[in-house]
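Asker: Kindly return the folded structure for what I paste below:
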Amino acid sequence: MAITTLLFDMDSTLIDIDEILFSKTYFKLLHECHFSDFDLGYFCDSLTEITRFVMLSKIPKEFTLDTFVKEMSKKYKRDPKDLYNNLLHFYNNEYESLNPFVRPIKGVKKMLKYCFKEGYNVVVATTPVFPEVAIRKRLKWGGLEIFDFKLVTHAGNMHFSKPREEYYQEVLFLIGKKKDECIMVGNEFMSDIVGPTRMGLKTFYCPLPTVNDDLFVSPELKRFSKIKPTYRGTINDFAKLVADGL
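Answerer: Residues are numbered from 1 along each chain as shown. A predicted model of the protein is given here:
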């Protein structure tokens, strides 16, 4: 079956983001705005723990945003509604100051324009632990707000998260596509390649230049040593692949 749908990871795939500085500043800013009554170190560790829990959770009837707020309520002993309102206020306002850490990637806009012109369905398949407003802002900062994506995953429309296979199953269900019609493009092996490959999707692995060529240098990835991406290269190599016909 011919490929009709392109699933793209967002951070460090479609947009250039200094993930270390972005995360460090994000934690500090959110702490200052709404959680300054907690020790900064404790807040960073606990929020990281909550994020990891949400990414691995399997609660079919609960959007990941609801799971996130519920876990934050348990950890910080605050009313879920107040937390939800605080988070939305933060993402609509203070979050804007993180703009300098996100930039367009040369060639991505041109590549996406070509994909849309050729009739492909294009999905932004990013880890859904942020509300839609935060994801849309990062797309805008990366110069990609002009595109009418088939789906942009976020914490308000997904019940599962990467790296779970259920995340990809839900994406396919939402867009009404079969696995043979799709290819997943991303820079993180565990999040973007393992699940889709196990499901039978084609994959394109585009790691950052600083990533060791040995996919399994990390001990926790050794058990996935038999999983190989369908293709591997840069995002510009993927553009050439699309131009040549998937």
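Asker: And the strands in the protein, which stretches?
Answerer: 5-8, 15-17, 102-104, 121-124, 151-152, 182-186, 202-205, 231-232 (DSSP state E).
Asker: can you tell me which of those strands comes nearest to E32?
Answerer: strand 102-104 (20.1 Å; CB to CB). C-beta here means a position set from N, CA and C on the backbone, and glycine is covered the same way.
Asker: And that closest one, what does it pack against?
Answerer: In terms of contacts (3 or more CB pairs under 8 Å, 6 or more residues apart in numbering; DSSP states H and E), strand 102-104 is packed against strand 15-17, helix 132-141.
Asker: now those as CSV including mean pLDDT, distance to K228 and mean neighbour count?
Answerer: Output for these, formatted as CSV (pLDDT from 0 to 100; distance: least, CB to CB, whole Å; neighbours: other CB atoms under 10 Å):
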stretch, mean pLDDT, distance to K228, mean neighbour count
strand 15-17, 96, 26, 20
helix 132-141, 98, 29, 19
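Asker: tally of neighbours for I50?
Answerer: If you count neighbours by other CB atoms under 10 Å, I50 ends up with 20.
Asker: Low-confidence stretches in the chain?
Answerer: Residues of the chain that meet the criterion pLDDT under 70 lie in 210-225.
Asker: any idea how it splits into domains?
Answerer: Residue ranges for the domains of the chain, per automatic domain parsing: 5-17+103-244, 19-99.
Asker: picking up where we left off before, could the helices and strands packed on strand 102-104 go into JSON lines alongside distance to P207?
Answerer: Formatted as JSON lines, these follow (distance: least, CB to CB, whole Å):
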{"stretch": "strand 15-17", "distance to P207": "14"}
{"stretch": "helix 132-141", "distance to P207": "20"}
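Asker: Out of these, which gets nearest to L47?
Answerer: Comparing the helices and strands packed on strand 102-104 by CB to CB, helix 132-141 comes nearest, at 14.3 Å.
Asker: Residues contacting the closest one, please?
Answerer: Outside helix 132-141, the residues that touch it by CB atoms under 8 Å, 6 or more residues apart in numbering are 10-11, 14-15, 17, 88, 91-92, 95-96, 99, 102-103, 124, 126, 145, 152-157.
Asker: so how far is that helix off the chain centroid?
Answerer: Distance, stretch centre to chain centre, for helix 132-141: 12 Å (CA atoms, centre = their mean, to the nearest Å).
Asker: same thing with stretch 230-237?
Answerer: How far stretch 230-237 lies from its chain's middle: 18 Å, per CA atoms, centre = their mean.
Asker: for it, how far is the first residue from the last?
Answerer: End-to-end distance for stretch 230-237, by CA to CA, to the nearest Å: 13 Å.
Asker: in it, what counts as buried?
Answerer: 230-232, 234-235 (16 or more other CB atoms under 10 Å).
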